[in-house]
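1. The sequence isn't on hand, but the structure is:
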């Protein structure tokens, strides 16, 4: 998800030569071990037919269902055995790999399989604790005091036009910094259709006390909407479109170790990014409100002005409380978490740099200078490099996350804003806000392979689980475009409420959530 989905490189594996099984040994089966037996047999057959096969994100079928049951029994998977290898399953596999000293890639090859075979098949209290980070929160309901957002169908009154309008700042346009009905639960798709052939249809529109700048899927059943300084909140929803909680952006900075700041302060939530297991959300704040913050950044700014620094909030997705506050640069816009859970990254709009936060220590360890108006970030699946869109230029920075050196993809297009990468790591996609195009960039050559016009001011985008589709919001056109990545053809354009600006994708339901700055969230089924 944007807030986005974590990606992997295609990998192959081979079975060790000479492995044999004794045909004379007696085997005692119990009911709990049956899924693992079937799973082992199926994967062994696959290996004999084609040793380059392994179970990975995007796969589906009975082998995946049995894998999910095995992970459930071992205490790593809290979802249903759907038979589809989505984000929840991948997070469970990666957690298992991390705790068993395996390569953490989310791919079930022979080493991971062998380790799974050695796990006890009974659920214990310890196993229940391991499940908790990946539990689908769809069953949670808001308390009466939390349920401030009314959820309506699209037939209800549409929101008014926004009271703000984005200024035109050549060569780019930027954001202005100032001023329920019940229904059956959403079901996950066991065998997702080839939605390059389908049509997006509106499933739900959520209204309420919101002005969402972004909407980001956690990878574990929750959706975070960041409502900026217009509402000073983060609103959290589940897959049934229910408001789980409204989180105020108010913090007491002195209680988080910043003793020079006395009393309560407010932020202005812009974007969210999640740890690989969905346990933590990292939320950037455009600026802070309170004593000691007297030089806020604006949309036209530079490091010379020495604007106020801001903070990332770390929110525990179990408790939905802010539990860490981490200083970063001036006007942090976009943020991302590396797939290996080492770093949280924030692009600082007014200090023109990238903050690198050590997640384990919750401190900024590096500040990488980039140039005017850095925004979108995407991290490669091996966590070695981050690409950052420099919106005040036509270039994209490639930041080495080992030594923090910078290389450049030059002349990509006017005002690159948002980035995403395909699951195989071959292509980078960039919205070009200044020219109304989306670019497909070949990462082997660093050159633009193709471009497509989607609408006026394409802002955010998200990519489907298998990398076949892009969904792009067009801010001034009030539309969302569905783009086929193979030939960059626009397959469908749908009208949405005023000022669409954020978008995210749920791979387990094939639903697209769209944040409209004017005061709504629209959910489309594809």
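-> Nice, thanks for sending it over. The shown structure was predicted, so the numbers you read here are calculated from the model rather than taken from an experiment.

2. Can you report how many residues lie near residue 425?
-> A count of nearby residues for residue 425, using other C-beta atoms under 10 Å, gives 17. No exception for glycine: its C-beta is placed from N, CA and C like everyone else's.

3. pLDDT score assigned to it?
-> Residue 425 carries a pLDDT value of 93.

4. do the one 3 residues further on as well
-> Looking at residue 428, its pLDDT is 98.

5. on contacts alone, who are the packing partners of the helix or strand encompassing it?
-> Assessed by DSSP states H and E, residue 428 sits inside strand 427-432. Packing contacts for strand 427-432, counted by 3 or more C-beta pairs under 8 Å, 6 or more residues apart in numbering; DSSP states H and E, involve strand 374-379, strand 416-421, strand 437-442, strand 458-463.

6. which one of these lies closest to residue 69?
-> Of all these, strand 458-463 sits nearest to residue 69, with 28.9 Å by C-beta to C-beta.

7. Show residues contacting the closest one.
-> For strand 458-463, contacts defined as C-beta atoms under 8 Å, 6 or more residues apart in numbering pick out 1-2, 4-5, 214, 417-418, 420-422, 429, 431-433, 436-438, 469-475, 481, 485, 500-505, 512.

8. from the middle of its chain, how far away would it be?
-> Distance of strand 458-463 from the chain centroid (C-alpha atoms, centre = their mean, to the nearest Å) equals 12 Å.

9. same check, this time on stretch 356-369
-> Here stretch 356-369 is found 20 Å from its chain centre; the criterion is C-alpha atoms, centre = their mean.

10. List the buried residues for it?
-> Within stretch 356-369, the residues scored as buried using 16 or more other C-beta atoms under 10 Å are 356, 357, 359, 362, 364, 366, 368.

11. Can you add secondary structure and give those residues back as a markdown table?
-> Listed next are the buried residues of stretch 356-369 as a markdown table, based on DSSP: H, G, I helix; E, B strand; the rest coil:
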| residue | secondary structure |
| --- | --- |
| 356 | strand |
| 357 | strand |
| 359 | coil |
| 362 | coil |
| 364 | strand |
| 366 | strand |
| 368 | strand |
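
12. for those, which one is nearest residue 107?
-> residue 359 (22.7 Å).

13. pLDDT weak spots in the stretch 1-150 of the chain?
-> By pLDDT under 70, the low-scoring segments of the stretch 1-150 of the chain are 1-53, 119-150.

14. I misspoke; the intended subject was the stretch 151-300 of the chain.
-> For the stretch 151-300 of the chain, residues meeting the criterion pLDDT under 70 lie at 151-196.

15. quick one: the helices in it?
-> For the stretch 151-300 of the chain, the helices defined by DSSP state H, counting those that start in this stretch cover 228-231.

16. any idea where the strands of it begin and end?
-> Applying DSSP state E, counting those that start in this stretch to the stretch 151-300 of the chain gives strands spanning 151-152, 168-169, 172-173, 201-207, 214-217, 222-226, 233-238, 243-248, 251-252, 264-265, 269-274, 280-285.

17. can you list the residues that contact the last one?
-> Defining contact as C-beta under 8 Å, 6+ apart, one finds that strand 280-285 is touched by 216, 218, 224, 226, 234, 249, 267-275, 310-317, 328, 332-335, 337, 344, 346, 357, 359.

18. Now, of those, which are buried?
-> By neighbour count, with 16+ other C-beta under 10 Å, the contacts of strand 280-285 hold 216, 218, 224, 226, 234, 249, 267-275, 310-315, 317, 328, 332-335, 337, 344, 346, 357, 359 as buried.

19. To what extent is residue 72 buried, counted in neighbours?
-> Neighbourhood size, residue 72 [other C-beta under 10 Å]: 20.

20. Make sure it is actually in contact with residue 82.
-> No. Using C-beta atoms under 8 Å, residue 72 makes no contact with residue 82, being 11.7 Å away.
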